[in-house]
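>>> how would this look folded up:
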Amino acid sequence: MKLLLSGLNRKREKILPGGGKGKIEKQHAKGKLTARERISMLIDEDTDFYEIGIFAGYKMYEEYGGCPAAGTVAGIGRVSNRLCMIVANDATVKAGAWFPITGKKNLRAQEIAMENRIPIIYLVDSAGVFLPMQDEIFPDKEHFGRIFRNNAILSSMGVPQIAAIMGSCVAGGAYLPIMSDEALIVEGTGSIFLAGPYLVKAAIGEQVDQETLGGATTQSEISGVTDYKMPDDETCLRTIRDLVSKMGTFEKAGFNRERSLAPEKEPEEIYEIYPEEGKKPYNSKDLLKCIVDKDSLTFYKNGYGKTILCAYARVDGWSVGIVANNREIVKTKKGEMQFGGVIYSDSADKAARFIMNCNQKKIPLVFLHDVTGFMVGTRSEHGGIIKDGAKMVNAVSNSTVPKFSIVVGNSYGAGNYAMCGKAYDPRLILAWPTAKIAVMGGQQAAKVLLQIQLASLKAKGQEPDKKTQEDLLKKISDRYDEQTSPYYAASRLWVDEIIDPLETRKWISMGIEAAENAPVRRFNPGVIQT
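Got it, this is the predicted structure:
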């Protein structure tokens, strides 16, 4: 685990400088702070910034020179003692241009702000859509235009939005700050217009410079488009802090919290408990004891459906309901052995009932994934595994309390769905460096794909020898293993972030604190009930 974390940190260190030292120096030469410097100055001193999507775009768009962190820094930070979503364009990466993954990351940030009713602060410094890929960012439902639609929805919900124009703000992107509640613009560096000087000249033949067209003085004193003209980045950020400090608060959801207690086991023991490559059984209850508050675990139906652990507990004082895959091999009352990490009918039934109980009691849910899928075979099919699995998926789908997913190890197939994968709207979904997300395990998938390819070759009259078959299997396995890695998932935002297991407690605690701002709707399980 420590080796994996070392690799994680090395990869992060390469991403954090964005476009590199040279681009950072150019930013400073213009009197501008970088995106990360702006965020550091904006949030409260000595508080954490919970960054999401550091690995968004990882190993993507390499033909264009890459797009570190999707050219945008986003996450939750404390501003004037209030949790806020912060989104800052990184102008060191292609002048802050929007790649397809940039749009996806911005939409995810807005979604988190919307679900939790927390203020969102945009630090705008972008050249607009990355034109070589405009067809993949501009027209579709989850593309660039959805961001402005979300601006309008957030506004109608009463979620505060503040935008600071700290560099370029061009074309359609100009709507984002102006659809926010309040807009600030930095003199000398900030500009906002639907069409820049070159396009104006091409379209209507007018010759005009950038400042006259849409600089701070123009947009603050002539057009009235922006609300505050700021002399520099530092003053702009201080003003945002001041604006946030004067905001009122929402009604609270009313989640239960008591005094926080340290876990029963030292959190560092996670490194020893979780096995290398996650292939061996381990004591899942011991893992929980490294995460939850001491003496807070109460196991639900402890002797039934043993391949899923359901428990009430506390994390940093917050009351939570935990649904965790049990990776121990267990024996049923009938003397049958059940494989750890597999969901059986009784486990699915137990979990569905527990999820409904947590909704009834207004208790946030935490899912810890280490699942290889639902049990297959004649006995399971005859026992109605599909129906029982559907009950669990239904309960997860209709759950209205905040859900938080931690992908500890395997998260395969329908097991990913039942354990609240990304498609099931977790408020946050995080991965440990040991996570694997795929439709099935690598070995099984590789063998299935090999059989398909061999059948295709044989149909063409080719009979591959043993060596060819082994090479083909290795090629398939290598490709599949790459696609199941947490970095592949994080680059595409299937997970919000890859974290050190020791950070699990504080991420869950912060997530519930953010969720406190949004009342919980009444739970309705629909047609499929247990």
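>>> List the buried residues of the lowest-mean-pLDDT helix or strand in the chain.
The helix or strand of the chain with the lowest confidence, counting by mean pLDDT, DSSP states H and E, is helix 442-459 at a mean of 76. Of the residues in helix 442-459, 442, 444-446, 449-450, 453-454 count as buried by neighbour count, 16 or more other C-beta atoms under 10 Å. Using the backbone N, CA and C atoms, a C-beta is placed for each residue, glycine as well.
>>> could those residues go into a markdown table alongside distance to R12?
Listed next are these as a markdown table, based on distance: C-beta to C-beta, whole Å:
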| residue | distance to R12 |
| --- | --- |
| G442 | 25 |
| Q444 | 32 |
| A445 | 29 |
| A446 | 30 |
| L449 | 32 |
| L450 | 35 |
| Q453 | 37 |
| L454 | 41 |
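>>> ok, and what's touching the least confident helix or strand of the chain?
Around helix 442-459, the neighbours that count as contacts under C-beta atoms under 8 Å, 6 or more residues apart in numbering are 436, 438-440, 463-464, 469, 472-473, 476-477, 480-481, 484.
>>> next structured bit after it?
Proceeding C-terminally, helix 442-459 gives way to helix 466-484 as the next helix or strand, assigned by DSSP states H and E.
>>> For whichever helix or strand comes after that next one, list the C-alpha coordinates in PDB.
Per DSSP H and E, the first helix or strand lying C-terminal to helix 466-484 is helix 486-491. Extracted C-alpha coordinates of helix 486-491, given in PDB (Å, rounded to 0.1, in the frame of the first residue of the first chain):
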ATOM      1  CA  PRO A 486      -7.900   3.700 -10.500                       C
ATOM      2  CA  TYR A 487      -6.000   6.200 -12.700                       C
ATOM      3  CA  TYR A 488      -8.000   5.200 -15.700                       C
ATOM      4  CA  ALA A 489     -11.200   5.700 -13.700                       C
ATOM      5  CA  ALA A 490     -10.100   9.000 -12.300                       C
ATOM      6  CA  SER A 491      -8.900  10.400 -15.600                       C
END
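>>> what about helix 486-491, average pLDDT?
The average pLDDT within helix 486-491 is 97.
>>> Which elements pack onto that helix?
For helix 486-491, the helices and strands in contact under the criterion 3 or more C-beta pairs under 8 Å, 6 or more residues apart in numbering; DSSP states H and E are strand 428-431, strand 436-438, strand 497-498.
>>> Can you add distance to A195 and give those strands back as CSV?
Shown next, in CSV, are the helices and strands packed on helix 486-491 (distance: least, C-beta to C-beta, whole Å):
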stretch, distance to A195
strand 428-431, 39
strand 436-438, 42
strand 497-498, 37
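>>> which one of the ones you listed has the lowest average pLDDT?
strand 436-438 (a mean of 92).
>>> strands paired with that one, and their directions?
In the sheet, strand 436-438 lines up against strand 403-412 (parallel) (DSSP bridges).
>>> next structured bit after the partner strand?
By DSSP H and E, the next helix or strand past strand 403-412 is helix 413-418.
>>> V371 contacts Y417, correct?
No. Counting by C-beta atoms under 8 Å, V371 stays clear of Y417, with 10.0 Å between them.
>>> Give me the more crowded residue out of these two.
V371 (32 against 19; other C-beta atoms under 10 Å).
>>> Any idea what that one is bridged to?
Applying DSSP bridges to V371 gives these bridge partners: S411.
>>> who touches it in this structure?
325, 341-343, 410-412, 415-416, 418-419.
>>> The residue of the chain most remote from its centre and G173: what is the separation?
Most distant residue from the mean C-alpha position of the chain: G461, 47.6 Å away (C-alpha atoms, centre = their mean). As judged by C-beta to C-beta, to the nearest Å, G461 and G173 stand 56 Å apart.
>>> Name only those of the contacts of helix 442-459 that count as buried.
Buried by 16+ other C-beta under 10 Å: 436, 438, 440, 472-473, 476-477, 480-481, 484, out of those.
>>> Quick one: those as TSV, columns for distance to P231 too.
Output for the buried ones among the contacts of helix 442-459, formatted as TSV (distance: C-beta to C-beta, whole Å):
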residue	distance to P231
K436	51
A438	52
M440	58
L472	64
L473	64
I476	59
S477	59
Y480	55
D481	53
T484	51
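>>> The stretch 301-450 of the chain: helices as residue ranges?
345-360, 378-382, 385-398, 413-418, 442-459 (DSSP state H, counting those that start in this stretch).
>>> closest one to N151 among the ones you listed?
helix 385-398 (27.6 Å; C-beta to C-beta).
>>> Just the buried residues of the closest one, please?
Buried, per 16+ other C-beta under 10 Å, within helix 385-398: 385, 388-398.
>>> and which of those is nearest to F193?
S397 (44.1 Å).
>>> contacts for stretch 12-20?
24, 34-36, 54-55, 58, 68-69, 71, 90, 92-94.
>>> change it to 6 Å
Outside stretch 12-20, the residues within contact range by C-beta atoms under 6 Å, 6 or more residues apart in numbering are 54, 68-69, 90, 92-93.
>>> likewise stretch 157-164?
With contact meaning C-beta under 6 Å, 6+ apart, stretch 157-164 is reached by 117, 119-124, 154, 177, 180-184, 236, 240, 247.
>>> what's the model's confidence in the helix or strand hosting L288, averaged?
Counting by DSSP H and E, the element that carries L288 is helix 284-289. Regarding helix 284-289, the rounded mean pLDDT is 97.
>>> going on from that helix, what's the next piece of helix or strand?
Under the assignment DSSP H and E, the closest C-terminal helix or strand after helix 284-289 is strand 298-299.
>>> Quick one: residues in contact with that next one.
By C-beta under 6 Å, 6+ apart, strand 298-299 touches 311-312.
>>> let's see 8 Å
309-313.
>>> Just give me the closest of the residues you listed to R78.
A313 (25.2 Å).
>>> is that closest one in a bridge, and if so with what?
Using DSSP bridges, the beta-bridge partners of A313 come out as V320.
>>> Could you give the number of residues near it?
For A313, the count of nearby residues is 21 (other C-beta under 10 Å).
>>> Next one, pLDDT for it please.
98.
>>> if we can go back for a sec, can you report phi and psi for the residue farthest from the centre of the chain?
With angles defined as degrees, to the nearest 10, G461 sits at phi 90, psi 10.
>>> what's it in contact with, if anything?
Going by C-beta under 8 Å, 6+ apart, the list of residues near G461 is empty.
>>> how close does it sit to L449?
Going from G461 to L449 by C-beta to C-beta gives 21 Å.
>>> Also Y282?
From Y282 over to L449 the distance is 29 Å, taken as C-beta to C-beta.
>>> got it, and I52?
For I52, the distance to L449 - C-beta to C-beta - is 33 Å.
>>> ok, now G66?
Plainly put, G66 is 29 Å away from L449 if you go by C-beta to C-beta.
>>> do the same with K265
Taking C-beta to C-beta, one finds K265 at 41 Å from L449.
>>> so which of the contacts of stretch 12-20 is the most crowded?
D90 (29 neighbours).
>>> does that residue really touch A69, like I thought?
Yes. Counting by C-beta under 8 Å, D90 touches A69, with 6.7 Å between them.
>>> Show me where the stretch 351-500 of the chain dips below the pLDDT cut-off.
442 (pLDDT under 70).
>>> didn't F367 look like it was pressed against G321?
No. Under the criterion of C-beta under 8 Å, F367 makes no contact with G321, lying 9.6 Å away.
>>> Report how many residues lie close to the closest residue to D500 other than its chain neighbours.
Nearest non-adjacent residue to D500, counting by C-beta to C-beta, 6 or more residues apart in numbering: L5, 5.7 Å away. Residues lying near L5 (other C-beta under 10 Å) number 17.
>>> With L8 instead?
Neighbours of L8 under the rule other C-beta under 10 Å: 19.
>>> Correct me if wrong, but it is in a helix.
Yes. Judged by DSSP: H, G, I helix; E, B strand; the rest coil, L8 forms part of a helix.
>>> roughly how far apart are it and A435?
L8 is 11 Å from A435, by C-beta to C-beta.
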